[in-house]
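[1] Quick one, what's the 3D model for this:
(chains A and B)
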2 protein chains.
Amino acid sequence: MATPGSGFWSFGSEDVSGDPDNPGTARAWCQAAQKFTGGISTKLCALLYGDGEKPMETGAKEDPTALPRKPTCTCNKKPCGCQKADINYAFLHSSDLLPASDGEVATLSFLQDVMDILLQYLVTNFDRSTKVIDFHYPNELLQDYNWELADHPQTLEEILLNCRTTLKYAIKTGHPRYFNQLSTGLDMVGLAADWLTSTANTNMFTYEIAPVFVLMEYVTLRKMREIIGWPGGAGDGIFSPGGAISNMYAMLIARFKMFPEVKEKGMAAIPRLVAFTSEHSHFSVKKGAAALGIGTDSVVLIRCDERGKMIPSDLERRIIEAKQKGFVPFLVSATAGTTVYGAFDPLIAIADVCKKYKVWMHVDGAWGGGLLMSRKHKWKLNGIERANSVTWNPHKMMGVPLQCSALLVREEGIMQSCNQMHASYLFQQDKHYDLSYDTGDKALQCGRHVDVFKLWLMWRAKGTTGFEAQIDKCLELAEYLYNKIKNRDGFEMVFDGKPQHTNVCFWYVPPSLQNMEDNEERLNRLSKVAPVIKARMMEYGTTMVSYQPLGDKVNFFRMVISNPAAAHQDIDFLIEEIERLGQDL
Amino acid sequence: MATPGSGFWSFGSEDVSGDPDNPGTARAWCQAAQKFTGGISTKLCALLYGDGEKPMETGAKEDPTALPRKPTCTCNKKPCGCQKADINYAFLHSSDLLPASDGEVATLSFLQDVMDILLQYLVTNFDRSTKVIDFHYPNELLQDYNWELADHPQTLEEILLNCRTTLKYAIKTGHPRYFNQLSTGLDMVGLAADWLTSTANTNMFTYEIAPVFVLMEYVTLRKMREIIGWPGGAGDGIFSPGGAISNMYAMLIARFKMFPEVKEKGMAAIPRLVAFTSEHSHFSVKKGAAALGIGTDSVVLIRCDERGKMIPSDLERRIIEAKQKGFVPFLVSATAGTTVYGAFDPLIAIADVCKKYKVWMHVDGAWGGGLLMSRKHKWKLNGIERANSVTWNPHKMMGVPLQCSALLVREEGIMQSCNQMHASYLFQQDKHYDLSYDTGDKALQCGRHVDVFKLWLMWRAKGTTGFEAQIDKCLELAEYLYNKIKNRDGFEMVFDGKPQHTNVCFWYVPPSLQNMEDNEERLNRLSKVAPVIKARMMEYGTTMVSYQPLGDKVNFFRMVISNPAAAHQDIDFLIEEIERLGQDL
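    Model prediction:
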């Protein structure tokens, strides 16, 4: 019989006696679960979820009445103290949570229940027997649920149900068979760090309100600059909301460096500028040029070789051409890891051209920057140390949760001169601490989300060598895929040779097309294969991989691997699944 | 004696029998804790934290050896199954967590322990007896801890310690006495939603990978447009990484609307543009103009009245002046809730001017937009329905966790035309679902963080009426502060009259200055008062409020209230604390 007191918390006297700090939390039940031999996880889940069923595996529509209901007490106090009563969320609202004066118990209980929902989801994320996606068309989801925002509050029971429904239809981006984007995977330490970041809920603009995070950003950016190869890690940088913004910041700084008067006088006061990037580069270079008033026509697309690498002689030719027209070349944006082919532009040769013509060299390493962490692969970025600025997104190849993108700049102080507006209400000059730690005037943003903690904590947890191992493994898997399909019937590579990054680009050619003549009709039919297979993948929910056309190549699959959860069996599965879903086309 | 089986998990048979879904989680121990009468929270904490002490209250340096150590087993297996062994994080690394094949138990245990650390922090966040900040100078924090990133991994024990240390020095932005920024408070449902967002770890660019969040964004933006007053909620919009970016997006769209050729041809192809905003407006308007190649000289600052509101006749005069010079007025950015005074520009009169001269009307309601949720206060934004675009940051007055900023645009489709680059690898035109739900080409960003879920879930939990109550309460507190200090010895208002928003601007005049003649020496001494009081506040850690000079006004305090946790007693405390810390100056 339970009576209030320390024994009330025990799982059996042996278990608790050694650890007085350990009340009945998950740690304790995990510890207990370890005593089961064989099939630990199944049993643990059964205990955790009550009935042994993993939720969210069925395609059935969720029914609120089918939820596990908590027993209702009769006293109707919130929260009640009745013997048999649990906290009954059907009677509670968000206004009953902290900062409500008696909200502590309800808050801890509610947040713990949310956490249980998240932990359930997490476990299924890595489980190959679950679907990557439970796909529904937009009109279906809009019709099947009421997503509307009303005048009146919902109960916490309904809020918990909203959380479950949201996760039911979420894509499992950490699933070992989710290959759809450059950002995949779900790192447990990164996730924990992101939870902590949300809980700290602060803003990066001043040291005053984010002392630890500002210092972590300082340390982390310096480390990244060291790895790039800038002496002593000197320079500057910032975490921005994504690679497109980082690239735009670089373009902004490059323009300011050449024509500082542009800040006050605008483009009207300076000559016509031209930027250069490869035809395989990311579209954000053009977006940035459009935004900055440079115009997309002033972005010259340099030709690539058959592997998608910028041809330096073409770059030089186009720079000379622009100068002859009286335009001013101000930026070359080389790409380290293109989006589709995963190509690395030849940075040393490009650096030579930039030096010769005195043009700012930016490296968009949003995707490929992660390879700097690998002793085996970093040679692909040789020459990056000669760049003036580098975009590097740890949320891609390093598996940091979204968003985490860094812009690194070699020249110290220029970000501040380029962007500062001296808002007196934030950057008071008479503060009592070293103002160089107030970073808010270095970029366009005023408030800035804390993106560094995830990366910093993961780096502490893995060490540089841990990131290296994870990246090497993904590259090894890409090579495994390449080797398996390069001579396989029904597969055709988009370009020859071993992948440089984890991008493997290929067509699946169904039997009906395999013996067809290479004419327009075949191309036309081939272009429809990948979209149909992709649609079927999503409907089955078994795996997800991206496809696109590029230049004169019709729709092909672009496989990328950035998730350390992926294994050889998942590559094998992908190949067989494509064959299964596409053989009748 | 404990034996494996269902009884193993029980807290006493009565408790479990009614609720088979409920294993030994926090819900259960909360339920149990409720059986204690009187001082529930203290006892709950004592049970939760083992020793009844709340962590992080002492200023003592953290010593890793002082951490509660877990008993170490002798088998050294990871995780071990020994009778008395807990999971010993000193032997575990991040590589032992999921997706490691036997990582489930360690992962659930580790994440639960992180959660315990977060819950501990949360409770202290709302506790008035704890400090708002445990302030240390940057060099102190850098010297006292090793923040560096190494080659080799740390153990999970060290990672948990890193989490504790990070929170120890964090600012408690949810503390009822933290008034330093426009974004304060910590909403429990918003926090839960942010945790879920991190766990779902996806990207907003396509429906394919964020189906539910994309629909929520659709529903929420439409609702916000309805509240603005656009018929049927028609129009467009997006969540962006903050108000400065939202304002820049508006400027970009306004320019494109007038001169669509600017996208390809740049500023060289179009006449010189001029933007207008008040002298009290946010500096992001100038930052945006600098970035967009318009130049800060082309941002005309319109005079304000003594309350900080734009004077419409001055706006009209300056528009005429610009046109006479041959420039093209393209944007007026009116402010609804200025940063320092909290002033609302007269939107109806400004709309008339914009209509007359055919200029895009943008309303920067980053701070004041929240008042649209209040039937009592929304009249202050009358005329906003005539705007072409509106910035509205739910992460400010509505208390949504950072970051959550919306740009709303009246004309449908223009965001897409302005920003789209048709990246074929993301926005395939042959997808099997309705492509209008792929939002990634509406803005400059490619990847975009999920910022909507926090707002959506809070809205469901509070209803519109809940936001209204919270906002009305903050405004009532501001009025309470104003009434208390307007005639109080030692306090002097920066401007006369009741505050329109929660901004209350005042000088504290210490006794030594109270009878001084109003000359330059007095001003000089007065300008030093607020910085010293602020520095002392931070060193004591008791409260935080911002100060700044503005125009010819020397440093004054700007009090703002956006935290629903604040109460009358906190306003009283602030006044007395300022007097206590400043009376000797």
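
[2] what's the span of stretch A:290-299 from first residue to last?
    Its first and final residues considered, stretch A:290-299 spans 9 Å by C-alpha to C-alpha, to the nearest Å.

[3] Could you do stretch A:138-149 as well?
    Stretch A:138-149: ends 18 Å apart by C-alpha to C-alpha.

[4] Identify the residues contacting it?
    A:61, A:136, A:165, A:169, B:207, B:211-212, B:214-216, B:219-220, B:223, B:433-434, B:437, B:456, B:459-460, B:464 (C-beta atoms under 8 Å, 6 or more residues apart in numbering or on different chains). In short, each C-beta sits where N, CA and C put it, glycine included.

[5] tell me the mean pLDDT over that stretch?
    Mean per-residue pLDDT for stretch A:138-149: 95.

[6] How far off centre is it?
    Mean C-alpha position of stretch A:138-149 versus that of the full chain (C-alpha atoms, centre = their mean, to the nearest Å) differs by 27 Å.

[7] where do the strands sit along the stretch 101-250 of chain A?
    Ranges of strands in the stretch 101-250 of chain A, per DSSP state E, counting those that start in this stretch, are A:178-179, A:236-240.

[8] would you list these in CSV and tack on mean pLDDT, mean neighbour count and distance to chain B?
    Shown next, in CSV, are the strands of the stretch 101-250 of chain A (pLDDT from 0 to 100; neighbours: other C-beta atoms under 10 Å in any protein chain shown; distance: least, C-beta to the nearest C-beta, whole Å):
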stretch, mean pLDDT, mean neighbour count, distance to chain B
strand A:178-179, 98, 26, 9
strand A:236-240, 97, 25, 8
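
[9] Switch these over to TSV; also include distance to A:Ile294.
    Converted to TSV, the strands of the stretch 101-250 of chain A look like this (distance: least, C-beta to C-beta, whole Å):
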stretch	distance to A:Ile294
strand A:178-179	35
strand A:236-240	19
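
[10] Between those, which one is closest to A:Ala565.
    The closest of the strands of the stretch 101-250 of chain A to A:Ala565 is strand A:178-179. By C-beta to C-beta, the value is 9.0 Å.

[11] pLDDT score for A:Phe427?
    For A:Phe427, the model assigns a pLDDT of 85.

[12] And for A:Gly466?
    98.

[13] Excluding residues flanking it in the chain, which one is nearest it?
    What sits nearest to A:Gly466 in space, not counting adjacent residues and going by C-beta to C-beta, 6 or more residues apart in numbering or on different chains, is B:Pro153, at 5.2 Å.

[14] Contact partners for the one you found?
    With C-beta under 8 Å, 6+ apart, B:Pro153 has these contacts: A:460-463, A:465-466, B:93-95.

[15] Sketch out the low-pLDDT regions of chain A for me.
    A:1-85 (pLDDT under 70).

[16] can you give me how far stretch A:413-427 is from the chain middle?
    29 Å.

[17] And the contacts of B:Pro153, which is closest to B:Cys505?
    Of those, the one sitting nearest to B:Cys505 (C-beta to C-beta) turns out to be A:Arg460, at 42.9 Å.

[18] which parts of the stretch 451-585 of chain A sit against chain B?
    A:453, A:456-466, A:528, A:531, A:534-535, A:538, A:544, A:546-550, A:555, A:558, A:564-565 (C-beta under 8 Å from any C-beta of the partner chain).

[19] Okay, and which of those residues map to strands?
    Among these, the members found in strands (DSSP state E) are A:544, A:546-550, A:555, A:558.

[20] a markdown table for those, including neighbour count?
    Listed next are those as a markdown table, based on neighbours: other C-beta atoms under 10 Å in any protein chain shown:
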| residue | neighbour count |
| --- | --- |
| A:Met544 | 24 |
| A:Ser546 | 23 |
| A:Tyr547 | 25 |
| A:Gln548 | 22 |
| A:Pro549 | 17 |
| A:Leu550 | 20 |
| A:Asn555 | 22 |
| A:Arg558 | 23 |
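
[21] out of those residues, who's nearest chain B?
    Nearest to chain B among those: A:Gln548, at 3.9 Å, using C-beta to the nearest C-beta.

[22] Specify the beta-bridge partners of that closest one.
    Beta-bridge pairing of A:Gln548 under DSSP bridges involves A:Phe556.

[23] any idea how far it is from B:Asp430?
    10 Å (C-beta to C-beta, to the nearest Å).

[24] can you check A:Ser109 too?
    49 Å.

[25] My guess is A:Glu217 contacts A:Val452. True?
    Yes - with contact defined as C-beta atoms under 8 Å, A:Glu217 and A:Val452 form a contacting pair (4.4 Å).

[26] if I look at the two, which residues touch both of them?
    A:204, A:239.

[27] So for the two, which sits in the more crowded spot?
    A count of neighbours by other C-beta atoms under 10 Å in any protein chain shown puts A:Val452 above the other of A:Glu217 and A:Val452, at 28 against 25.

[28] contacting residues for the more buried one?
    Counting by C-beta under 8 Å, 6+ apart, A:Val452 has contacts A:204, A:213, A:216-217, A:220, A:239, A:404.

[29] If we use 6 Å, what do you get?
    By C-beta atoms under 6 Å, 6 or more residues apart in numbering or on different chains, the contact list for A:Val452 reads A:213, A:216-217, A:220, A:239.

[30] Same check on A:Ser333?
    A:277, A:285, A:362, A:364.

[31] thought the first one was touching A:Ser284?
    No - no contact is recorded between A:Thr277 and A:Ser284 when judged using C-beta atoms under 6 Å, the distance being 9.8 Å.

[32] and A:Lys553, how far is that from chain B?
    Distance, A:Lys553 to chain B, using C-beta to the nearest C-beta, to the nearest Å: 10 Å.

[33] Quick check: closest non-adjacent residue to that residue.
    A:Val494 (5.9 Å).

[34] thought that neighbour was touching A:Tyr508?
    No - if you go by C-beta under 6 Å, A:Val494 and A:Tyr508 don't touch, sitting 11.6 Å apart.

[35] between those two, what contacts are shared?
    Joint contacts of A:Val494 and A:Tyr508 (C-beta under 6 Å, 6+ apart) do not exist.

[36] Those two: which is more packed in?
    More crowded of A:Val494 and A:Tyr508, by other C-beta under 10 Å: A:Tyr508, with 24 against 18.
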